[in-house]
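Peer 1: Mind folding the following:
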Amino acid sequence: QVQLHESGPGLVKPSQTLSLTCTISGDSITNSAYYWSWIRQPPGKGLEWIGYLVNSGNAYYSPSLESRSSISRDTPKNQFSLQLSSVTPEDTAVYYCARITLSTLDFGSWGQGTQVTVSP
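Peer 2: Prediction:
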């Protein structure tokens, strides 16, 4: 059974870069049946998709966040990471990593989420 675990700083200052890592267990990041994604949920708002990583290693992003986002993978460590630059308090959210099943486009497996607060 796959498990996903997000890690990273819980507090980031405005204008800095937010960096999070998702560690995968029970599956391989190179499994071609899945994509790997980042999603966030700001306080009092709905889920917002940030982007996803495909088997080739390429990443695709939400247009609203594309200019500030970067998703990459570390295959030996079975991890993928998110970097979000030039953060503002509006980037405060719970950040989740998830696995997407290609055949159904279902976000079937999620990490527990990690709170990131952007504040001076």
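
Peer 1: going forward, measure contacts and count neighbours with C-alpha atoms only.
Peer 2: Will do.

Peer 1: Just give the nearest non-adjacent residue to the residue nearest in space to the middle of the chain, would you?
Peer 2: Nearest to the mean C-alpha position of the chain, by C-alpha atoms, centre = their mean, lies Trp38 at 2.5 Å. Distances taken as C-alpha to C-alpha, 6 or more residues apart in numbering put Cys97 closest to Trp38, at 4.5 Å, once the chain neighbours are dropped.

Peer 1: ok so, going back, now do the same contact list for the residue nearest to the centre of the chain.
Peer 2: Going by C-alpha atoms under 8 Å, 6 or more residues apart in numbering, Trp38 touches Trp49, Ile50, Gly51, Tyr52, Leu82, Tyr95, Tyr96, Cys97, Ala98.

Peer 1: Quick check: what element follows the host helix or strand of the residue nearest to Trp38 along the chain?
Peer 2: Assigned by DSSP states H and E, Cys97 belongs to strand 93-101. Per DSSP H and E, the first helix or strand lying C-terminal to strand 93-101 is strand 106-110.

Peer 1: Averaged pLDDT, that next one. What do you get?
Peer 2: Averaged across strand 106-110, pLDDT comes to 93.

Peer 1: buried ones in it?
Peer 2: Neighbour counts over strand 106-110 (16 or more other C-alpha atoms under 10 Å) mark Phe107, Ser109, Trp110 as buried.

Peer 1: CA atoms only: put stretch 39-48 into PDB for me.
Peer 2: The C-alpha coordinates for stretch 39-48 follow below in PDB (Å, rounded to 0.1, in the frame of the first residue of the first chain):
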ATOM      1  CA  ILE A  39      -2.200  20.400  -4.100                       C
ATOM      2  CA  ARG A  40      -2.800  23.000  -1.400                       C
ATOM      3  CA  GLN A  41      -5.700  24.300   0.600                       C
ATOM      4  CA  PRO A  42      -5.600  27.800   2.000                       C
ATOM      5  CA  PRO A  43      -7.500  28.500   5.200                       C
ATOM      6  CA  GLY A  44     -11.200  28.700   4.600                       C
ATOM      7  CA  LYS A  45     -10.900  27.800   0.900                       C
ATOM      8  CA  GLY A  46     -11.100  24.800  -1.300                       C
ATOM      9  CA  LEU A  47      -8.400  22.600  -2.700                       C
ATOM     10  CA  GLU A  48      -6.100  24.200  -5.300                       C
END
